[in-house]
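Asks: Following is a predicted model, sequence given first.
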Amino acid sequence: MARVAREMVEKAGINVEQLVELLVKNAAAELTTYYYYTILRCNLIGLDGEGIKEIAEAARIEDRNHFEALVPRIYELGGKLPEDMKAFHDTSACPPAKLPDDPTNITAMLKVLVEAERCAVRGYTHICNMTAGKDHRTYDLAQSILNEEIEHESWFSEFLGEGPSGHFMRRGENSPFVSKFLR
């Protein structure tokens, strides 16, 4: 644990136990989303599915990166990950992004993908609001993840015809905002 880092966060008026709990729940959401997106991506087949597969893969890899970036901050603040994977899965801040009953229904698949991203946007917005001006490191991390989650939501919502987002699929670069936390 980074003792002084935790002390500074506490002195700034943040309930560190609550913050760590949120970080663990969001880390669980990222890891479980990585797992479920793997299944979803494998089922994105046919003419419609193939057009979405690359975007789902980018979001999948970035969700894994989000998990990897969150873990050090959890431990720096004196927290830890649950030792039981099932318990960790069940603490997820977001519901599982499970394959729809009809895996050939691309619209249903897109709705699963976009709802997972929207849950993440809500979660990281909450952490940003909680840490803004008080815990600079956690805020920077949460804001970086939030930026990527907003892009993911935009990509999927465009496929659902919800309107243009102005975002473009990144080529050859994963986690442009979060990569600084992965070094």
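Replies: Happy to help now that I have it.
Asks: What residues does Thr104 make contact with?
Replies: Gly46 (Cβ atoms under 8 Å, 6 or more residues apart in numbering). Glycine gets a C-beta too; all of them are placed from N, C-alpha and C.
Asks: do the same with Ile145
Replies: Shown in contact with Ile145 (Cβ under 8 Å, 6+ apart): 26, 66, 69-70, 120, 124, 177-178.
Asks: and what of Glu83?
Replies: Residues near Glu83 by Cβ under 8 Å, 6+ apart: none.
Asks: What residues of the longest helix along the chain count as buried?
Replies: In the chain, with assignment by DSSP state H, the single longest helix is helix 46-76. Neighbour-count burial for helix 46-76, counted by 16 or more other Cβ atoms under 10 Å, picks out 49, 52, 55-60, 62-71, 73-74, 76.
Asks: Who are the packing partners of that helix?
Replies: helix 16-43, helix 106-131, helix 136-159 (3 or more Cβ pairs under 8 Å, 6 or more residues apart in numbering; DSSP states H and E).
Asks: and if we set it to 6 Å?
Replies: If contacts are counted by 3 or more Cβ pairs under 6 Å, 6 or more residues apart in numbering; DSSP states H and E, helix 46-76 sits against helix 16-43, helix 136-159.
Asks: before we move on, the earlier item: the contacts of Ile145: which two are farthest apart?
Replies: Put simply, by Cβ to Cβ the two of these set farthest apart are Asn26 and Phe177, 15.3 Å from each other.
Asks: Show me which of those two is the more surrounded one.
Replies: Each of Asn26 and Phe177 has its neighbours counted (other Cβ atoms under 10 Å); Asn26 has more, 26 against 21.
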